[in-house]
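Colleague: 3D, please:
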Amino acid sequence: MPQIVVLPHVELCPEGTVIDAPAGTSLCDALLANEVEIEHACEKSCACTTCHVIVREGFDTLAPSEEKEDDLLDKAWGLEPNSRLSCQVVLGAADLVIEIPRYTINMAKEGKR
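Modeller: Next up, the predicted model:
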């Protein structure tokens, strides 16, 4: 069972936390199941960027992102080379260290101007 270390986030997880989650679970679902209330405005359908995370350790162990996720990530606040949408990350056997950015942009709502 992989372990997810969530670095401190001022609002969502001020102390940081460590989560054990079953492989095959989405990172977003694992966070929500462990009371880290990460925003997921599109209900985890890969249509916004509100569940954006930065994978600080373990990024290379994840399956590559698909084009739809990459297109959305290009619009995410605080994008880094190791950014992912947590709704699209399926946990494997490897441990992860993640950071939740301070801000999010809701592409499902704000991107439709």
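
Colleague: burial count for residue 41?
Modeller: Residues within reach of residue 41, counting by other Cβ atoms under 10 Å, total 18. Every C-beta, even on glycine, is put in place using the N, C-alpha and C of the backbone.

Colleague: Now do it against residue 54, distance only.
Modeller: 19 Å (Cβ to Cβ, to the nearest Å).

Colleague: for this protein, what helix or strand is lowest in average pLDDT?
Modeller: In the chain, the helix or strand scored least confidently by mean pLDDT, DSSP states H and E is helix 107-110, which has a mean of 54.

Colleague: Show me the residue sitting in the middle of this structure in space.
Modeller: Nearest to the geometric centre of the chain sits residue 86, at 2.7 Å (Cα atoms, centre = their mean).

Colleague: quick one: contacts for that residue?
Modeller: Residue 86 makes contacts with 26, 27, 28, 31, 38, 40, 51, 52, 53, 98, as judged by Cβ atoms under 8 Å, 6 or more residues apart in numbering.

Colleague: run the last query once more with 7 Å
Modeller: Taking Cβ atoms under 7 Å, 6 or more residues apart in numbering, we find residue 86 in contact with 26, 27, 28, 31, 38, 51, 53.

Colleague: give me every residue that touches the closest residue in space to residue 16 that isn't next to it in sequence.
Modeller: Leaving aside its chain neighbours, residue 16 sits nearest to residue 8 (4.2 Å; criterion: Cβ to Cβ, 6 or more residues apart in numbering). By Cβ under 7 Å, 6+ apart, the residues touching residue 8 are 14, 15, 16.
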